[in-house]
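Engineer: Next one to model:
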Amino acid sequence: MAVEPLHNEAEVLGRIATRDQEAFRQVYTCYHKRIYNFSLRLLRSVQLAEEVVQETFLKIWLMGEELKTVNHLEAYLVTLSRNKSLDILRRLERERRSDRKLSWSEAHNETEEAILLQDTRQLLDRGILLLPAQQRLVYQLCKQEGLKYEEVALKLNISPLTVKTHMQQALRFLRTYMHNNTDLAIVALTIMTGFL
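Structural biologist: Next up is the predicted model:
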């Protein structure tokens with residue numbers, strides 16, 4: 001069904017320019033179905049078509065005095081909605097491309113990180129075995145069991161300061177050991193994952 005154009009379009013637009021809500025309602029009632037159907041054909045999405053309708057009419061409401069320069073409102077609304085629809089299609093295409101790249105990149109990175117992590121754990125375990133017995137015990141209780149210095153001190157019947165000293169020495173040795181036995185990527189990963 002064809003849309004019947006507004007009578008005295010220039011006068012209605014002039015009223016909208018002065019924030020006349022009734023005039024705006026007239027324009028919306030007259031043209032929103034046309035804009036919605038046009039956008040729906042382009043976007044094939046009810047939600048996106050509604051978004052275009054809202055943005056198109058919001059633009060009209062916000063134009064103010066500039067509205068008085070519009071000669072043929074229906075053509076102007078269609079042009080606005082077409083441009084907004086094309087913007088959305090471009091945005092969706094960019095998102096699709098970005099998602100494809102991201103999913104490949106994430107899968108690739110996750111595989112690399114899993115291998116690095118496994119190598120790191122094995123290397124760290126070898127380093128821990130080389131620690132003096134007391135340092136090894138303190139390190140395991142603090143880092144692997146998550147106990148606080150005070151808890152370890154009570155458990156081993158030593159002072160918290162001694163626990164701290166053992167921990168510092170263990171960490172210093174392990175960092176040097178990791179650094180000397182691997183590349184920078186594994187050292188960085190070890191620090192980031194909180195092993196050291």
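Engineer: Going by C-alpha atoms from here, please, whenever you check contacts or count neighbours.
Structural biologist: OK.
Engineer: Okay, now the unreliable bits of the protein?
Structural biologist: Segments of the chain classed as low confidence (criterion: pLDDT under 70) are 1-5, 99-117, 119-120, 182-196.
Engineer: quick one: the helices in it?
Structural biologist: Taking DSSP state H as the test, the helices found in the chain are 9-17, 21-43, 46-62, 73-129, 133-139, 149-156, 160-181, 184-192.
Engineer: With mean neighbour count added, can I get those helices in TSV?
Structural biologist: Output for the helices of the chain, formatted as TSV (neighbours: other Cα atoms under 10 Å):
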stretch	mean neighbour count
helix 9-17	19
helix 21-43	17
helix 46-62	18
helix 73-129	14
helix 133-139	19
helix 149-156	16
helix 160-181	17
helix 184-192	15
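Engineer: Domain ranges for the chain, per the record?
Structural biologist: With automatic domain parsing serving as the domain definition, the record reports that the chain contains domains spanning 9-96, 130-192.
Engineer: Let me have the ones you listed in TSV, extended by distance to Leu124.
Structural biologist: Formatted as TSV, the entries for the domains of the chain read as follows, by distance: least, Cα to Cα, whole Å:
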stretch	distance to Leu124
domain 9-96	41
domain 130-192	7
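Engineer: what's the closest of these to Gln118?
Structural biologist: The minimum distance between Gln118 and those falls on domain 130-192, with 10.0 Å, by Cα to Cα.
Engineer: What's the separation between Arg44 and Cys142?
Structural biologist: Noted for Arg44: a distance of 58 Å to Cys142, by Cα to Cα, to the nearest Å.
Engineer: What is the burial count for His7?
Structural biologist: Using other Cα atoms under 10 Å, His7 has 8 other residues around it.
Engineer: how close does it get to His72?
Structural biologist: Taken as Cα to Cα, the spacing of His7 relative to His72 amounts to 12 Å.
Engineer: Quick check: neighbours shared by those two?
Structural biologist: In the contact map built from Cα atoms under 8 Å, 6 or more residues apart in numbering, no residue is linked to both His7 and His72.
Engineer: Which one's more surrounded, Arg44 and Cys142?
Structural biologist: A side-by-side neighbour count of Arg44 and Cys142, using other Cα under 10 Å, places Cys142 first with 18 against 12.
Engineer: That one touches Ala153, doesn't it?
Structural biologist: No - in this structure, Cys142 sits apart from Ala153 without contact. The criterion is Cα atoms under 8 Å, and the distance is 10.4 Å.
Engineer: who's in contact with Thr18?
Structural biologist: By Cα under 8 Å, 6+ apart, the residues touching Thr18 are 64-65.
Engineer: got the phi/psi numbers for it?
Structural biologist: phi -100, psi 20 (degrees, to the nearest 10).
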